[in-house]
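Colleague: turn this into a model:
(chains A and B)
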2 protein chains.
Amino acid sequence: PNRLLSLLISGQGSLDRKALGGLLNTLAARVHCTNGPCGKCLSVEDVLALGRPDKPGLAPEPVLESRYISHFSAAAALYLNNPEETCKDIQDGLLASHVDHYLTLLESPEAMTLGLSQLLQKIEAHAASQPTGEENCVDVPQLLEEAEEAGASRSPGLVLTALLDHVINGSCFQGLPSPQYFVDFVFRQHNSEAPNITLAELEVLMHRLGVGGEDHRDHDHHSHLDREVNHQDSEPHATHNSSSSVWDTVCLSAKDVMAVYGLSEQAGVSPQAWAQLSPALVQQQLSGACNPHPTAHIED
Amino acid sequence: PNRLLSLLISGQGSLDRKALGGLLNTLAARVHCTNGPCGKCLSVEDVLALGRPDKPGLAPEPVLESRYISHFSAAAALYLNNPEETCKDIQDGLLASHVDHYLTLLESPEAMTLGLSQLLQKIEAHAASQPTGEENCVDVPQLLEEAEEAGASRSPGLVLTALLDHVINGSCFQGLPSPQYFVDFVFRQHNSEAPNITLAELEVLMHRLGVGGEDHRDHDHHSHLDREVNHQDSEPHATHNSSSSVWDTVCLSAKDVMAVYGLSEQAGVSPQAWAQLSPALVQQQLSGACNPHPTAHIED
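Modeller: Modelled structure (predicted):
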């Protein structure tokens, strides 16, 4: 399936006009211009010209040597990302320089991730049929891994060629992380043997988010209530309007949060439970109840 | 059902020894001491003594006048919260002063909410049978509302009496907010007509949480990628170890987050969708990807 990538890595062989023509037809089918068909503005000649960077004027060679497949892939990526603009580049004879600029730009890992993410989202946005969610769409990490496995590096040329192979194969793409990624992130950092996040770890995580008060159950209520509520004269018992709740000023401890979701301290917080309790962690920040200014908070 | 509360508010009538005895039996059944039965240390005499604060030494009146029901309720609350400690208070003749202190302490709304929350959790923790989750347990806001409806204020005496009525009736209690509260909080603050949170509102909320980059889809990728990735020399393409993901340094925009969860901009974010995307908001904070220091972020 990754024909172009293998060819590129082999460093031998080439793509003749017929092969290039076939590839470009498939490519054009995947591209949708906002106002009507884009037409096939990326021609075999344009691609062959990429294979002779030093002698732009001369008649292009009859084939594209395999080592220039990365430039072809970059041109295809530019075209997929923004057909109108790329076609204009081609007419203005700027394709080669934009391809070089693009390959250089993607040298940094962050630009590569962002660039690919944008590109895959654009390809998906223009795809004739939206993925049903069943099939496994190709995502950014997968492309990087494929390039790494094939060529021992994540250089832009390799990655974009891996992408072009998948475009030609008609794969669907996923340009953004999956919902599960956001949960896995937390559990990747969780370093104890137990599969679940412990109460102590939840306390640390909540602390990093600026929430989580001290637990008030361990103290007898007299002394503790005294300390908790600083005695500035908050209005005694203003009647509550419906848009506020008594909980709005309460800073919950990690134990409280686990109790709200019926999680036992022994069992800890599973990935699924983490997703369930996340709205509480967000609310506690938005309410500001745990901020160190005088509202009720369970902190000394 | 709220017999004591009505009696208290009426300001007439009283509770005789027989009535008090019955109430104290029911109360004792609800209390569990950590090491064995607590015994009925709160006696009818102790309660009657609360009804004569100015002449502590004299033989107690045969009845407790209705206006002292709030003191009785406070004593019951102390007993429910910490039987061992309250029994010791009683032996040391300190019940009346602790009752007064408790009532004064709960004058501030925050202390009331925290105090009730602790109390209800303790009652539930000691309850013979844990609520199955089906029945509607009495919670803090409900007690405050009942006191307010009955007596036009949320004074501690009224609230604790409302609580005592429910204890006597055998209700179950919920000392903490429900999971739904944390979602409702956000939608209570959402002020546009539409039921769902709009993209613009999600951007504001994400901004308040210190996350959410500028959306990168509206720009053509060339110029934008340049600006997004500041060009300090992050190591070119270090191979990724399994405990990190390419997404770990990416700061997502509100549009990205909605796209991850398949939410359409027109439909906006429903309460259920808000709960679904909360893990992404928390992850973006924990990863620090949106912090204004040099990792890839979609912000100028």
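Colleague: okay, CA-based contacts and neighbour counts for the rest of this
Modeller: OK.
Colleague: contact residues of the stretch 1-150 of chain A facing chain B?
Modeller: By C-alpha under 8 Å from any C-alpha of the partner chain, the residues of the stretch 1-150 of chain A that approach chain B are A:81-82, A:102, A:105, A:107-111, A:113-115, A:118, A:140-141, A:148.
Colleague: top of those residues by number of neighbours, please.
Modeller: Highest neighbour count within the residues of the stretch 1-150 of chain A next to chain B: residue A:114, with 29 neighbours (other C-alpha atoms under 10 Å in any protein chain shown).
Colleague: output the host helix or strand of that residue as CSV, nothing but the C-alphas.
Modeller: Assigned by DSSP states H and E, residue A:114 belongs to helix A:109-126. C-alpha atoms of helix A:109-126 as CSV (Å, rounded to 0.1, in the frame of the first residue of the first chain):
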residue,chain,number,x,y,z
PRO,A,109,8.0,18.8,15.0
GLU,A,110,5.4,21.3,16.1
ALA,A,111,4.9,22.7,12.6
MET,A,112,4.7,19.2,11.3
THR,A,113,2.0,18.3,13.7
LEU,A,114,0.0,21.5,13.1
GLY,A,115,0.6,21.4,9.4
LEU,A,116,-0.6,17.8,9.1
SER,A,117,-3.5,18.4,11.4
GLN,A,118,-4.7,21.3,9.2
LEU,A,119,-4.1,19.3,6.1
LEU,A,120,-6.0,16.2,7.2
GLN,A,121,-8.9,18.3,8.4
LYS,A,122,-9.0,20.1,5.1
ILE,A,123,-8.9,16.8,3.2
GLU,A,124,-11.7,15.4,5.4
ALA,A,125,-13.7,18.6,5.1
HIS,A,126,-13.6,18.2,1.3
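Colleague: check which element follows that helix along the chain.
Modeller: strand A:138-139.
Colleague: quick one: mean pLDDT over that following strand.
Modeller: Mean per-residue pLDDT for strand A:138-139: 94.
Colleague: give the contact list for residue A:203.
Modeller: By C-alpha atoms under 8 Å, 6 or more residues apart in numbering or on different chains, residue A:203 lies in contact with A:212, A:253, A:254.
Colleague: farthest-separated two in the residues of the stretch 1-150 of chain A next to chain B?
Modeller: A:82 and A:148 (26.6 Å; C-alpha to C-alpha).
Colleague: listing request: residues of chain A with sub-threshold pLDDT.
Modeller: A:1, A:34-40, A:55-61, A:127-134, A:215-242, A:293-300 (pLDDT under 70).
Colleague: show me where it has strands.
Modeller: A:14-16, A:63-65, A:138-139, A:173-174 (DSSP state E).
Colleague: including mean neighbour count, could those strands go into JSON lines?
Modeller: JSON lines is the format used below for the strands of chain A (neighbours: other C-alpha atoms under 10 Å in any protein chain shown):
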{"stretch": "strand A:14-16", "mean neighbour count": "18"}
{"stretch": "strand A:63-65", "mean neighbour count": "22"}
{"stretch": "strand A:138-139", "mean neighbour count": "18"}
{"stretch": "strand A:173-174", "mean neighbour count": "23"}
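Colleague: format these as JSON lines; extra columns: distance to residue A:186.
Modeller: As requested, the strands of chain A are exported to JSON lines (distance: least, C-alpha to C-alpha, whole Å):
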{"stretch": "strand A:14-16", "distance to residue A:186": "46"}
{"stretch": "strand A:63-65", "distance to residue A:186": "46"}
{"stretch": "strand A:138-139", "distance to residue A:186": "20"}
{"stretch": "strand A:173-174", "distance to residue A:186": "22"}
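Colleague: how far does stretch A:280-294 sit from the chain's center?
Modeller: Counting by C-alpha atoms, centre = their mean, to the nearest Å, stretch A:280-294 is centred 28 Å from the centre of its parent chain.
Colleague: is that stretch in proximity to chain B?
Modeller: Yes - Stretch A:280-294 lies within reach of chain B by C-alpha under 8 Å from any C-alpha, at A:280, A:281, A:282, A:283, A:285, A:286.
Colleague: so what's the fifth one up against?
Modeller: When contacts are counted by C-alpha under 8 Å, 6+ apart, residue A:285 touches A:209, A:210, A:211, B:209.
Colleague: quick one on the thing from earlier: among the strands of chain A, which is nearest residue B:9?
Modeller: Per C-alpha to C-alpha, nearest to residue B:9 of the strands of chain A: strand A:173-174, 64.6 Å.
Colleague: mind listing what the closest one pairs with, with the direction of each?
Modeller: Its sheet considered, strand A:173-174 pairs with strand A:138-139 (parallel) by DSSP bridges.
Colleague: need the residues that contact the strand it pairs with.
Modeller: With C-alpha under 8 Å, 6+ apart, strand A:138-139 has contacts from A:120, A:166, A:171, A:172, A:173, A:174, A:175, A:176, A:177.
Colleague: ok, back up a step: of the residues of stretch A:280-294 next to chain B, closest to residue A:188?
Modeller: residue A:281 (19.0 Å).
Colleague: tell me how many other residues crowd that closest one.
Modeller: Counted with other C-alpha under 10 Å, residue A:281 comes out at 24.
Colleague: same check on residue A:7?
Modeller: 18.
Colleague: right, and it touches residue A:66 too?
Modeller: Yes - between residue A:7 and residue A:66 there is a contact at 6.0 Å, judged by C-alpha atoms under 8 Å.
Colleague: spit out the residues that contact those two alike.
Modeller: In contact with both residue A:7 and residue A:66: A:13, A:14, using C-alpha under 8 Å, 6+ apart.
Colleague: show me where chain A has its helices.
Modeller: A:3-10, A:17-29, A:44-50, A:69-81, A:83-91, A:95-105, A:109-126, A:140-151, A:156-168, A:179-189, A:199-208, A:221-228, A:254-260, A:271-287 (DSSP state H).
Colleague: the first one: which residues count as buried?
Modeller: For helix A:3-10, a neighbour-count test (16 or more other C-alpha atoms under 10 Å in any protein chain shown) marks A:4, A:5, A:6, A:7, A:8 as buried.
Colleague: ok, stretch A:244-256 next?
Modeller: Applying 16+ other C-alpha under 10 Å to stretch A:244-256 flags A:245, A:246, A:247, A:248, A:249, A:250, A:251, A:252, A:253, A:254, A:255, A:256 as buried.
Colleague: surely the last one touches residue B:176?
Modeller: Yes - judged on C-alpha under 8 Å, residue A:256 makes contact with residue B:176 at a distance of 7.3 Å.
Colleague: tally up the residues packed near residue A:33, please.
Modeller: Per other C-alpha under 10 Å, the neighbour tally for residue A:33 reads 13.
Colleague: cool, residue A:160 as well?
Modeller: Neighbours of residue A:160 (other C-alpha under 10 Å): 29.
Colleague: excluding covalently adjacent residues, which one is nearest to it?
Modeller: Among residues not flanking residue A:160 along the chain, residue A:73 sits closest, at 5.5 Å (C-alpha to C-alpha, 6 or more residues apart in numbering or on different chains).
Colleague: go on, residue A:136?
Modeller: Of all residues not flanking residue A:136 in the chain, residue A:172 sits nearest, at 7.8 Å (C-alpha to C-alpha, 6+ apart).
Colleague: now that neighbour. Its backbone dihedrals?
Modeller: Main-chain dihedrals, residue A:172, degrees, to the nearest 10: phi -100, psi 160.
Colleague: ok, now which ones touch it?
Modeller: A:124, A:131, A:136, A:137, A:138.
Colleague: looking at those residues, which two lie furthest apart in space?
Modeller: The widest separation within the contacts of residue A:172 (C-alpha to C-alpha) is 13.4 Å, between A:124 and A:136.
Colleague: for those two, indicate the residue with more neighbours.
Modeller: Under the criterion of other C-alpha under 10 Å, the comparison of residue A:124 against residue A:136 puts residue A:124 first, with 20 against 12.
Colleague: now the more buried one: how far from chain B?
Modeller: Distance, residue A:124 to chain B, by C-alpha to the nearest C-alpha, to the nearest Å: 11 Å.
Colleague: quick one: contacts for that residue?
Modeller: By C-alpha under 8 Å, 6+ apart, the neighbours of residue A:124 are A:130, A:172, A:173, A:174, A:175.
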